[in-house]
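**Q** Quick check, what structure comes out for this input:
(one chain, ligands or ions: 1)
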Amino acid sequence: MKNHFDVIIVGAGPAGVSAAICCLNEGLDTVLIDSKQKEMIGDKVCGEAISKETSHQVSDLLKIQPPFGEEVNTNVKELVLQTVINQDHIVLPAIGYMVNRHKYGQRLLKNATDKGIELLDRTKAIRPIIQNGKISGVVIKPWHKEERELYAKIVIDCSGIRAKIRTSIDDSVEPLLYTKLTPRDFAACYREIIELEEEHNLDGKIVLKYEKDIPEPGYIWFFADGEKKLNCGTGFIKDGKNKDKSVKEVYFSAMEKYYQREKYIVLDGRGGSVPIQPPLWNAVAPGLLIAGDAAFHADPLTAEGHGPALLAGCYAGQVAKDAIDKNRYSTEELWGYNRLIFSNFGSEHARSRILAMVLEKLGASNLEFLLKRKVIKQSDLTSEGILKKNSICSLINRAVRCMPRIHLLILIKRTIDISKNLAQLCGNYPETPDKYVEWVKSVEKLYSRLN
Ligand SMILES: Cc1cc2nc3c(=O)[nH]c(=O)nc-3n(C[C@H](O)[C@H](O)[C@H](O)COP(=O)(O)OP(=O)(O)OC[C@H]3O[C@@H](n4cnc5c(N)ncnc54)[C@H](O)[C@@H]3O)c2cc1C
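**A** Alright, predicted model coming up:
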């Protein structure tokens, strides 16, 4: 059996299939590995909301159809941030789809198989093969068979939150790569798809409800998935005082404030994990590119990671093609991938992390206060809003409304400053790895201003 390829892709989730289609479009000899059985690929615990803009952008890049037909359950129009007091809320435009992840994932896989991908399903990536300081392949373990070695010019790690390849690399192979996964890097989640007896009146909405009894990031979500259908769930960082808390129990006790158990049926209920850190500041190593959850590409505030994973997979495929054309695989040669990420969703996600940290710091009761007094407005939370210059008048106006909790306004002002500086830094992502350490120091200094 063949064991040498141009590209090995580990994981056939959105990042992996997108990378695969891109590599095939570029004429690269590519193998796609997934531990799941072929028919189960794409089936994943998820909120299932995807941005229209990103899914269409990826479809254009890959020359495939955007989500259509039975892949789309319903349309999304807005994201609502809310506390227990329903009338005090922030609405942000969020045009997209609620997709059936399994059907959409299967179709993307079919796009890849139709183009001739070599798919090894029910096959686990066990560890990377490292030769002369370069990731040169992967040891795989097919279902009920012996381990064997596959070699490639480039390996793309799309193995999701566990990041099997990234986290199995010794720091010495690439000192600029974060090779760990700690409990503070992701939120453990529990999610249900439910069917209510009556219509929920949340048509077109994806709602994040901040609750003081839910540990950070502190919300339960309700995503409208049809007139009576909802995708709901919660998740939090299982560390420190919340280490032994059950996500399922927290979810059920939050849920019963909104819907009585006997008034709905559960169509699906499962656990999962989602990254909550900003994108890896560097997602390359010699011979390796990392895309999707494996590189923390989900939005740290909303957990939106499906579209970013598709986009990152596509960029990884493009960078792999360039490297293979030049036959050069060093970190420096692959560095352009980081610049692509940070000139796209990377900068926004880095700022989302700031916003998530502030919301956690505020807690549900201060957030309630700020929304009620209209100290925070919808326009503040859009990416343009957070970068907007605040006039003295508007600051005084807010200060008056914020009395007596003036320290909250100081926190908001600091957040706006940090976000502006972070956007600037991301816009100036280092052109080469030699400026990286200094750049990361500046970024981390900004984050530390929130502590
Ligand atoms: C509860 C929850 C709600 C979410 N809600 C949303 C939402 O509403 N909108 C949104 O956009 N995103 C949401 N996300 C995030 C989104 O699901 C992920 O960001 C996205 O799936 C990431 O895609 P990926 O390809 O990187 O990883 P995955 O989709 O996790 O795919 C990884 C693939 O790698 C395979 N794999 C793993 N390890 C190995 C191995 N060792 N060998 C071989 N194969 C391996 C897995 O079987 C899997 O098929 C949510 C996530 C969770 C957990």
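**Q** okay, CA-based contacts and neighbour counts for the rest of this
**A** Noted.
**Q** List the contacts of the closest residue to Gly336 other than its chain neighbours.
**A** Among residues not flanking Gly336 along the chain, Val319 sits closest, at 7.3 Å (CA to CA, 6 or more residues apart in numbering). Going by CA atoms under 8 Å, 6 or more residues apart in numbering, Val319 touches 334, 336-337.
**Q** And for Pro215?
**A** Shown in contact with Pro215 (CA under 8 Å, 6+ apart): 236-237, 242.
**Q** Okay, it and Asp293: tell me how far apart.
**A** 22 Å (CA to CA, to the nearest Å).
**Q** Now do the same for the closest residue to Ala49 other than its chain neighbours: helix, strand or coil?
**A** Distance criterion CA to CA, 6+ apart; nearest residue to Ala49, sequence neighbours excluded, is Met98 at 4.5 Å. Recorded secondary structure, Met98: strand (DSSP: H, G, I helix; E, B strand; the rest coil).
**Q** State the distance from Met98 to Glu71.
**A** Distance check for Met98 against Glu71: by CA to CA, it reads 9 Å.
**Q** same deal with Cys158?
**A** Counting by CA to CA, the gap from Cys158 to Glu71 is 22 Å.
**Q** Of those two, give the one with the bigger neighbour count.
**A** A side-by-side neighbour count of Cys158 and Glu71, using other CA atoms under 10 Å, places Cys158 first with 36 against 19.
**Q** residue contacts, that one?
**A** Per CA under 8 Å, 6+ apart, neighbours of Cys158: 9-13, 15-16, 290-294, 313.
**Q** now, the most widely separated pair of these?
**A** The largest distance within the contacts of Cys158, taken as CA to CA, falls between Ile9 and Asp293 and amounts to 14.1 Å.
**Q** Kindly report the residues of the stretch 301-450 of the chain close to the ligand.
**A** With CA under 6 Å from any ligand atom as the criterion, the stretch 301-450 of the chain meets the ligand at residues 303-307, 309.
**Q** Pro175: which of those is nearest?
**A** So of those, ranked by how close each gets to Pro175 (CA to CA), first place is Ala309, at 24.3 Å.
**Q** Now the phi/psi pair for the spatially closest residue to the closest one that is not a sequence neighbour, please.
**A** Leaving out its chain neighbours, the residue that sits closest to Ala309 by CA to CA, 6+ apart is Gly292, at 4.0 Å. Backbone torsions for Gly292, taken as degrees, to the nearest 10, come to phi 80, psi -150.
**Q** Gly292 and Gly307 touch, don't they?
**A** No: using CA atoms under 8 Å, Gly292 is not in contact with Gly307, being 9.1 Å away.
**Q** Show me the common contact partners of the two, please.
**A** Common neighbours of Gly292 and Gly307 (criterion: CA under 8 Å, 6+ apart): Pro14.
**Q** quick one: which of the two has more around it?
**A** Between Gly292 and Gly307, counted using other CA under 10 Å, Gly292 has the larger neighbour count: 29 against 26.
**Q** In terms of pLDDT, where does that one sit?
**A** For Gly292, the pLDDT comes out at 98.
**Q** ok, it - contacts?
**A** By CA under 8 Å, 6+ apart, the contact list for Gly292 reads 14-15, 158, 160, 298, 305-306, 308-310, 312-313.
**Q** and the gap between the residue positioned nearest the centre of the chain and Val45?
**A** Note on the chain: the residue nearest the mean C-alpha position is Ala298, at 1.1 Å, using CA atoms, centre = their mean. Note on Ala298: its distance to Val45, by CA to CA, is 14 Å.
**Q** still on that earlier bit, who's in contact with the residue lying closest to the residue nearest to the centre of the chain once chain neighbours are set aside?
**A** Once flanking residues are discounted, Ala298 sits nearest to Gly305: 3.7 Å by CA to CA, 6+ apart. With contact taken as CA under 8 Å, 6+ apart, Gly305 is in contact with 292-293, 297-299.
**Q** quick one: the nearest residue to Ala312 once chain neighbours are set aside from the ligand, how far?
**A** Among residues not flanking Ala312 along the chain, Ala291 sits closest, at 5.4 Å (CA to CA, 6+ apart). As judged by CA to the nearest ligand atom, to the nearest Å, Ala291 and the ligand stand 6 Å apart.
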